[in-house]
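K.L.:
Make a model of this:
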Amino acid sequence: MIKYILSGLFFIGFAGFAFTQKNRISWEYNYAHYGIENGMPSSETYQVYQDKSGLLWILTDRGVVRYDGFEFHKYTVENGLSDNVNFRVTEDENGGVWFIGFNGLLSVFKNGKMQAYQYNHLLEKTIPVGRNTIISLHVKKDNSIVYSVFRKKMIEVSSKGKVRDLSAKWKNNAYFIEFGNDILCLQKKNLTNVNAFLIKDNKWIFSGNILLTGTTRAKKYKGQRFVTSNYKLYFFDDQKFKRMIDYPQHEVIGLDSDERFLYVGLYKNGLKKYTFDPKTKELVLVQHYLPNYSVTSAYTDSKGTLWITTLEKGLFAVYDEAFKQLAVNEKKLTEEIRFISGNKNKIIINYYVGKWQQLYPPFRCKDVGKIVHKYNLLPVKEGFAFERGVIDWSDWKDVDATYFGNPVYETRNSVVGFSRLTYEIVEMKGTSYVGYDINHIDRSKLIGAYYWFYLFQNKKMFILFDEGVFVFDIENSELKENYRPVLRKRINQMEYNETWGLLAYSSLAGLYQINMDDETPSKFAPHLHLGKQVSSIFFDEKNRLWVTGDKGVFLLVKKNGKITVDFFLNKKLLSSAEITDLYAYNDVLYVATKFGVQKVEIAKVKKERKHFPLELFSIRAFAKNEEIPANKVYPAKTDLIKITLSSKDLDKHVEYRYRFGKDETWIRSNKGEIILNNPSDGEFNLEISCLNTFDQWSKSRIIGRFSVEKIIFLRWYFILLYIILLLLLFYLVLKLSIQSVNKKNYMLNRMMELEQMALSAQMNPHFIFNSLNSIHSFLLYEENENAEKYLLRFAKLIRQTLTNSRVTYITVQDEYDALKNYILLECMRFKNKFSFQIECNFSQLPYYPCIPPMLIQPYVENAIIHGLTKRTVGAELLVKFYMEEGMLKVIIQDNGIGYAESKKNKRDTGHKSYGTKITEERLKSLQGKGKNSYSVTISNADDSDSRFPGTCVILSIPISIHSKSM
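P.N.:
Here you go, the predicted structure:
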């Protein structure tokens, strides 16, 4: 009777306890969900698998999906798949990924392309597979395959297409054939209960009797073998099949394993993860995932992320099992949490609007339905403190609501808070308190609330206002009206700890430390670069400091006065990056956010692996909407180059920057494709740098190289040909131009020479005429001797003149001799009325100097005939040769009537000086020759003698150097 009474009381108490428990609390993993909205073609998924290159494959009823860490790429029958519905995937040792279609045909993804198996026609011919068949597959090293169709037969197809029946001699039994880690299933006929054999290395092992029906799969796990059949799970145990776990309401539809766990997928009951105890030969449940979904497969990738396929909602991923999200009544909490308070393992969250929830038994919830979001439960002793009269906490035994003011922080022997009734900052000690009147603060210019303050040794108080932190002195338990600014920053809150002191933090200015003795602020640990956006801080039971910044959550430790980072949590790993408050105890971190509460087990958090996450998947080029065959060199006509990247970090979107040359600007991206439209010619070296969890760029790496050819007319051999043709053309043009110029110069020179010769020839008759007149005069006056002398000199002069008129240039010596002979003839002609002098220092002249002939004689003739003949006494003639500035200077000077008078006489008498005119024309024709020019200057010789001023002619003649053989 006593037992029944106690039992009844127990159940009554338990019922009362259950009645008071308003909510059920659980912690659900942070599942990342990938469905149709993320690019999946269907929500019905059958298997997930990661290949050796790191790509993730998801099999659906509407195609196969490849996930490269950036995007989902779909394959269907339109781009190489044999069937849109695929149930199984396997990988060969050469990197080919094989898919088994619903129609029994195979597809393989290799070298970046999906294609149908080349011997599908042999499969259709050998085994009429039809639809909805159960097929298992193994691919050997030589790319030959073992293909098994349940209840039909097993064949081998070689890499050259030769088919061999492996099951021809097998009896009507069930067989499990091992090929490495693969176990292929075969049952010869549709029997209810048959003998099953395990075939390994051509050895047969009897495994007992089993009913094989429905989807049958076999897996190896830690040396043991497990089989699913008829939606149940079996274990090979000493020649018998042992039924492992009975699921009367939920059938087994998935079976997978890795090195650590066995994964069993259940219909409408999620995924169960087990370990196997070899002693008891029992499965030990480790975790239950997605209890409301039908799980078809599970796979743990290279980074430890668990991927789960479902029939209802697509693909789920558990990136890190250290992270869990608070669920209330089996629904993940997504409301904003304002505070999270903890007292050791007792944790209470404060919703933004009037609602509190215990996260420890009995999980009570208090919802007052009004705005009291500024009230927080303060941990004090073994429970929590709260202001009396605001909310009825009588049913929460851990909450003490007897405090006069709203508790803000606890000291060693008191609780300090703020009283709205008396408008005081109060220090409460049990039932007594000390109040500090702050009514006079309203009369000051300071604006803001007084919810955050700190009382320092009852001497001064630090209060937070809108403009920053200010300090007030305390005297005789009264707050003085005078105040001093401490930190003029827009501060969110202040916290105090005996180890860390008074800290003030801001979402705009970062974290500051305030020295309460000298009232000076300083930037907190600037060497750690915590960021300028600090939303909350917390001091845990080990006196460690937790800081939530714009980069993430930092755990800081102080040792020997030195502050270091002991742990860092990237906010991207949380369900929400908007953190409002946090609490930590016993290395478990609770984070309050705008979207619920996160629980993080610090010891289980995956360590950030230092590796380069990105790899080059493919480079595809297109021209005129057609793909160009893959190559490292693309033609100049390429219109578009599409570069696809893959990421080893499937659990997060990698941000990176890229460029194609050292001198180019970095381009930032988080997409899996890089598009180059109308790429220019040249070398392209794809250099990439990734952004790590500390927002720092990793060391760059070149992951791909290719080049685009120049158009054919800009290639080096064409450019060389252009240069050769241009040089040849230039040479021909230059040669023709030179020939034309030479010919033209030759013609001009020849014309000048002929002209000079003609002019010289014109001079000869003029001179001969004058000479014959002289001879006639001698004979007339019977001066036969003089006539004979004159005739001899004249003959010599004629010979010199004829000789000189045949050449372009003569020597100065020849000109000198001809002039001297001419002057002597003129002296005889004019009866020695004038004296003459010819000066020439031949030693000062260049070697073999030459000048045009008959150039000086006309001026000597003018001096004699038109200058000296008018003077009867003392007539003199001077001809002087000398060098000056590289030119031959010739002076013809007389003391006759002068140039002006002579010119006047010519006009009066109507005399025409043919010799002078011819000489002027010759000088004009000679001006174009040589660098130096011919010149003639004529002036009076002596201006002081008005009657006979004389004439001075200075000829400047360029010297031409010729050989003696001229």
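K.L.:
Residue 893 and residue 880: what is the separation?
P.N.:
8 Å (Cβ to Cβ, to the nearest Å). Where you see a C-beta, it was placed from the backbone N, CA and C, and this is true even at glycine.
K.L.:
likewise residue 344?
P.N.:
In terms of Cβ to Cβ, residue 344 sits 131 Å off from residue 880.
K.L.:
out of the two, which sits in the more crowded spot?
P.N.:
The residue with more neighbours, out of residue 344 and residue 880, is residue 880; 15 against 11, by other Cβ atoms under 10 Å.
K.L.:
Around residue 141, how many other residues sit close by?
P.N.:
Residue 141 is flanked by 10 other residues according to other Cβ under 10 Å.
K.L.:
For it, give me its contacts.
P.N.:
Counting by Cβ atoms under 8 Å, 6 or more residues apart in numbering, residue 141 touches 92, 93, 94.
K.L.:
Now the buried members of those.
P.N.:
By neighbour count, with 16 or more other Cβ atoms under 10 Å, those hold residue 92 as buried.
K.L.:
How is the protein divided into domains?
P.N.:
614-712, 721-961 (automatic domain parsing).
K.L.:
Would you work out how far apart the start and end of the longest one are?
P.N.:
With Cα to Cα, to the nearest Å as the measure, domain 721-961 spans 46 Å from end to end.
K.L.:
Looking at that domain now, give me its mean pLDDT.
P.N.:
The average of the pLDDT scores along domain 721-961 is 80.
K.L.:
Residue 717 should be in a strand, yeah?
P.N.:
No - counting by DSSP: H, G, I helix; E, B strand; the rest coil, residue 717 falls outside a strand, being helix.
K.L.:
Give me the nearest residue to residue 204, chain neighbours excluded.
P.N.:
Nearest non-adjacent residue to residue 204, counting by Cβ to Cβ, 6 or more residues apart in numbering: residue 197, 5.1 Å away.
K.L.:
and the one you found, how many neighbours?
P.N.:
18.
K.L.:
likewise residue 171?
P.N.:
Residues lying near residue 171 (other Cβ under 10 Å) number 11.
K.L.:
likewise residue 689?
P.N.:
Neighbour count for residue 689, taken as other Cβ under 10 Å: 19.
K.L.:
show me the contacts for it.
P.N.:
656, 657, 658, 666, 697, 698, 699, 700, 701.
K.L.:
Which entries within those meet the buried criterion?
P.N.:
For these, a burial check counting by 16+ other Cβ under 10 Å picks out 656, 657, 658, 698, 700.
K.L.:
would a markdown table of the contacts of residue 141 with pLDDT and secondary structure be doable?
P.N.:
Below are the contacts of residue 141 laid out as a markdown table (pLDDT from 0 to 100; DSSP: H, G, I helix; E, B strand; the rest coil):
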| residue | pLDDT | secondary structure |
| --- | --- | --- |
| 92 | 93 | coil |
| 93 | 91 | coil |
| 94 | 90 | coil |
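K.L.:
picking that back up, residue 866: which of the contacts of residue 689 is nearest?
P.N.:
Of all these, residue 866 sits closest to residue 666, with 94.4 Å by Cβ to Cβ.
K.L.:
in terms of contact, does the closest one touch residue 660 like I think?
P.N.:
No - the pair residue 666 / residue 660 is not scored as a contact, 10.7 Å apart, by Cβ atoms under 8 Å.
K.L.:
picking that back up, and the buried ones among the contacts of residue 689, which of them are in strands?
P.N.:
Among the buried ones among the contacts of residue 689, the ones falling in strands (DSSP state E) are 656, 657, 658.
K.L.:
Could you check how far the second one is from residue 706?
P.N.:
As for residue 657, its distance to residue 706 is 19 Å (criterion: Cβ to Cβ).
K.L.:
now swap in the last one and tell me
P.N.:
When Cβ to Cβ is applied, the distance between residue 658 and residue 706 equals 14 Å.
K.L.:
send the alpha carbons of stretch 576-588 over as CSV?
P.N.:
This file holds the C-alpha atoms of stretch 576-588, laid out as CSV (Å, rounded to 0.1, in the frame of the first residue of the first chain):
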residue,chain,number,x,y,z
SER,A,576,23.5,35.4,-37.3
ALA,A,577,26.4,37.8,-37.3
GLU,A,578,24.4,40.4,-35.3
ILE,A,579,25.4,39.6,-31.8
THR,A,580,23.6,41.3,-28.9
ASP,A,581,25.1,39.6,-25.9
LEU,A,582,27.1,36.5,-24.8
TYR,A,583,27.8,34.3,-21.9
ALA,A,584,30.4,31.6,-21.4
TYR,A,585,30.9,28.9,-18.8
ASN,A,586,33.1,25.8,-18.7
ASP,A,587,34.3,26.4,-22.3
VAL,A,588,30.8,26.5,-23.7
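K.L.:
buried set for it?
P.N.:
In stretch 576-588, counting by 16+ other Cβ under 10 Å, buried: 576, 579, 580, 581, 582, 583, 584, 585, 588.
K.L.:
Widest-spaced pair of those?
P.N.:
Spanning the widest gap among those are 576 and 585, at 21.3 Å by Cβ to Cβ.
K.L.:
low pLDDT regions in the stretch 401-550 of the chain?
P.N.:
For the stretch 401-550 of the chain, applying pLDDT under 70 flags the ranges 450.
K.L.:
Show the residue spans covered by the strands in it.
P.N.:
All strands of the stretch 401-550 of the chain, identified by DSSP state E, counting those that start in this stretch, fall at 406-410, 415-419, 424-429, 432-437, 453-456, 460-465, 468-475, 478-487, 493-497, 501-506, 510-515, 520-523, 536-539, 545-548.
K.L.:
Save these as CSV, and put in distance to residue 226 too.
P.N.:
Converted to CSV, the strands of the stretch 401-550 of the chain look like this (distance: least, Cβ to Cβ, whole Å):
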stretch, distance to residue 226
strand 406-410, 56
strand 415-419, 59
strand 424-429, 64
strand 432-437, 68
strand 453-456, 62
strand 460-465, 63
strand 468-475, 65
strand 478-487, 65
strand 493-497, 54
strand 501-506, 54
strand 510-515, 54
strand 520-523, 60
strand 536-539, 46
strand 545-548, 44
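K.L.:
Could you export those as CSV, including mean neighbour count?
P.N.:
Formatted as CSV, the strands of the stretch 401-550 of the chain follow (neighbours: other Cβ atoms under 10 Å):
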stretch, mean neighbour count
strand 406-410, 20
strand 415-419, 22
strand 424-429, 20
strand 432-437, 16
strand 453-456, 21
strand 460-465, 22
strand 468-475, 18
strand 478-487, 16
strand 493-497, 18
strand 501-506, 20
strand 510-515, 20
strand 520-523, 13
strand 536-539, 22
strand 545-548, 24
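K.L.:
so which of those strands gets nearest residue 146?
P.N.:
So among the strands of the stretch 401-550 of the chain, strand 545-548 is nearest, using Cβ to Cβ, at 56.2 Å.
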